[in-house]
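Q: Have a look at this prediction, sequence included:
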Amino acid sequence: MTEAQRKAAVERLAKAREARKKKPSELKNVHPDVASLPSDHILSYENCKKYLKACKEQISAARSDMRRNVKGASAQYHIWKGYEGNINTYIRNGDWLDDFYGEDHNKRILWTVTRMAYYDSGKPKRIIGYKYPDCGEIWTQEMEDEEMKAFGLVKKQVTTVKSKKRKRIAKAK
């Protein structure tokens, strides 16, 4: 390559880099809801890429532990493979399927109820730890007790049942 050709190639590359900087890359395989999230959101595309990278490292470590026959390595491998699949599904479809998130898969998702369901008595059906639109906060056991009292319902007493299993008697020889 001559000196003139080299200079022309450098100029072409510089021009192509400038054009690429002006036009951001289009995320074709990313769901629009995921792509539109701000980068500081816990489930943004940028954070999901970090989670995937950490997940792949854990998969690699678990795979090498499986080869060395480390106890529990197979279970860890399959847990991380499932998490990897859930992240990829979220990026593709926009539906988070897992109860946890994060690089270590240890932060719990806060589920929010969008449609309320009711018992025949009119009492809303609720799950402790979920966020409900009518109260605007996370439902707690204390709130459940107050609502049961307001509807005149009695909390069922939990009783332990004594085991009827017969004990084996050792016979003397």
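A: Yep, that arrived. Computed from a prediction, not measured in an experiment: that's the story for all the values here.

Q: other SSEs contacting the longest helix along the chain?
A: In the chain, taking DSSP state H as the definition, the longest helix is helix 45-67. Helix 45-67 sits against helix 32-35, helix 73-93, with contacts defined as 3 or more C-beta pairs under 8 Å, 6 or more residues apart in numbering; DSSP states H and E. For glycine as for every other residue, the C-beta is placed from the backbone atoms N, C-alpha and C.

Q: how does it look with 7 Å?
A: Applying 3 or more C-beta pairs under 7 Å, 6 or more residues apart in numbering; DSSP states H and E, we find helix 45-67 packed against helix 73-93.

Q: The helix it packs on: what's the following helix or strand?
A: strand 100-101 (DSSP states H and E).

Q: Run the chain-centre distance for that next one.
A: 3 Å (C-alpha atoms, centre = their mean, to the nearest Å).

Q: related to what we said a few turns ago, now the longest helix of the chain against helix 73-93, angle please.
A: Inter-element angle recorded for helix 45-67 and helix 73-93: 160 degrees (by axes from the mean of the first three to the mean of the last three C-alpha atoms, to 10 degrees).

Q: buried set for helix 45-67?
A: By neighbour count on 16 or more other C-beta atoms under 10 Å, the buried set for helix 45-67 is Y45, N47, C48, Y51, L52, A54, C55, Q58, I59, A62, D65.

Q: For the fifth one, which non-adjacent residue is spatially closest?
A: When you say that, I think you mean L52. I87 (5.4 Å; C-beta to C-beta, 6 or more residues apart in numbering).
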